[in-house]
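> Pasting the sequence and the predicted model now:
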Amino acid sequence: MNKKVVVGLSGGVDSAMSALKLKNSGMQVLGLYIMMHENYTDSLQKAKQAADQAEIDFDTVDKRDEFKEIVINQFVNEYLKGRTPNPCVICNSNIKIATLCDEADKRGYDFVATGHYARIDKDPKIGRYTVFCAEDGKKDQSYMLWQLNQKQLSKLITPLSNEYKNILKNDAKKVFSAAEYDESQEICFIPSNDYVSFINNYLSAEQLPPPGNFIDSDGKIIGRHKGIHNYTIGQRHGLGIVLGERAFITKIDTKMNDITVGVTGDEFTDTFKADNLNFMVEDIPEYVTVKTRYHSKKYPVKVEFIENYVKVTSEIPLRAITPGQSAVFYKDNMVLFGGLIG
């Protein structure tokens, strides 16, 4: 009997091609669209169209309430704390892939699949699954999957692990209308990508952080900010202050409601901590590499585990290490573990 797989269809070309590849491999495929926010009408139509063009079954599931509670509220609350969240990381483990796994179990399907550019594999020596970088380094999304647990990884198939996006998109044009669409925006529930306006509209005026002071590295007041949710570490545009040279936000102090602004060089550090750790392997070497943002390079670092967090030290100064962002640790192309920068 053919294996059965639930594919998360987003309305984009990557998930559509994943579904088609699995169908062509002989698997029985169900395309599932997950409603996660109110801006779903257009992508739902595209997902249904992709399922029709691939000639696979299609269904929907409504997770808007859960998405609001787990992803959107966390996203807003992190900015209120002076942190910069990764909503896609939270969504993948708690909503998207969690829902696919739940639906697969309910419907008697063997596997789930997504259009992520990453590879999932099991180490036979230790019996654990982990995530590996995709062949296409420019599209690699292993960074976004570090929070997945072993059950989720054991069921997840990523058909695009060895694909290159430019070639894939040309192949998709032969089958899917989705191949002609623009890439999806970075934050799916904020079509404009203007997160400040989103937070301002999401909360009442009384819930928003008040204005406060910009200070320099010596604590001297150098200007006024509009509220800490408007800013992130490393930001240099839109500050409204002049220091005579390029200025960057280096620290956000929610207790004092102060934002520290430094000059070129102040935005670098050689050490940071991360907590809320999730391990894909058990034996972690002392020297690994780390990505501190989705589009950043991997940098060699030393890791030291202390109670429930990891202390990270780098010989190369790292720019704009931002609380709330994910730090994902690798050995070569294999994800070892990840955590949230504190």
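Nice, I can see it.

> only C-alpha atoms for contact and neighbour calcs from this point on.
Fine.

> helices or strands next to the lowest-mean-pLDDT helix or strand in the chain in the packing?
Lowest by mean pLDDT, DSSP states H and E among the helices and strands of the chain is helix 165-172, with a mean of 91. Packing contacts for helix 165-172, counted by 3 or more C-alpha pairs under 8 Å, 6 or more residues apart in numbering; DSSP states H and E, involve helix 13-24.

> in the helix it packs on, what's buried?
The neighbour-count check on helix 13-24 (16 or more other C-alpha atoms under 10 Å) flags 13-23 as buried.

> burial measure for residue 123, as a count.
Applying other C-alpha atoms under 10 Å, we find 10 residues neighbouring residue 123.

> so how far is residue 53 from it?
To residue 53, residue 123 is 37 Å away according to C-alpha to C-alpha, to the nearest Å.

> related to what we said a few turns ago, quick check, nearest of the buried residues of helix 13-24 to residue 42?
Checking those against residue 42 with C-alpha to C-alpha, the nearest one is residue 13 at 14.1 Å.

> pretty sure that closest one contacts residue 175?
No. Contact criterion C-alpha atoms under 8 Å: residue 13 and residue 175 do not qualify, at 10.2 Å.

> Now do residue 180, the pLDDT please.
Note on residue 180: pLDDT of 68.

> cool, residue 191 as well?
Note on residue 191: pLDDT of 88.

> Quickly find the element holding it.
If you go by DSSP states H and E, residue 191 is not part of any helix or strand.

> burial count for it?
Residue 191 has 13 neighbours, counted by other C-alpha under 10 Å.

> what does residue 260 give?
21.

> which phi and psi does it have?
phi -90, psi 130 (degrees, to the nearest 10).

> OK, contacts around it?
Going by C-alpha atoms under 8 Å, 6 or more residues apart in numbering, residue 260 touches 214-217, 219, 249-253.

> picking that back up, let me know the closest of the buried residues of helix 13-24 to residue 131.
So of the buried residues of helix 13-24, ranked by how close each gets to residue 131 (C-alpha to C-alpha), first place is residue 18, at 17.4 Å.

> ok, that closest one touching residue 159?
Yes. Here residue 18 reaches residue 159: they are 5.5 Å apart, a contact under C-alpha under 8 Å.

> you'd agree residue 157 is up against residue 115?
No. Here residue 157 does not reach residue 115: they are 9.1 Å apart, not a contact under C-alpha under 8 Å.

> Might one say that residue 334 is in contact with residue 129?
No. Counting by C-alpha under 8 Å, residue 129 is not a contact partner of residue 334; they are 10.6 Å apart.

> tell me what whatever helix or strand residue 105 lives in is packed against?
Using DSSP H and E, residue 105 falls within helix 97-107. Using 3+ C-alpha pairs under 8 Å, 6+ apart as the contact criterion, the elements in contact with helix 97-107 are strand 4-8, strand 111-113, helix 150-155.

> hmm, 10 Å instead?
strand 4-8, strand 28-35, strand 57-62, strand 111-113, helix 150-155, strand 156-157 (3 or more C-alpha pairs under 10 Å, 6 or more residues apart in numbering; DSSP states H and E).

> ok so, going back, which residues are common contacts for residue 334 and residue 129?
120-121, 280-281 (C-alpha atoms under 10 Å, 6 or more residues apart in numbering).
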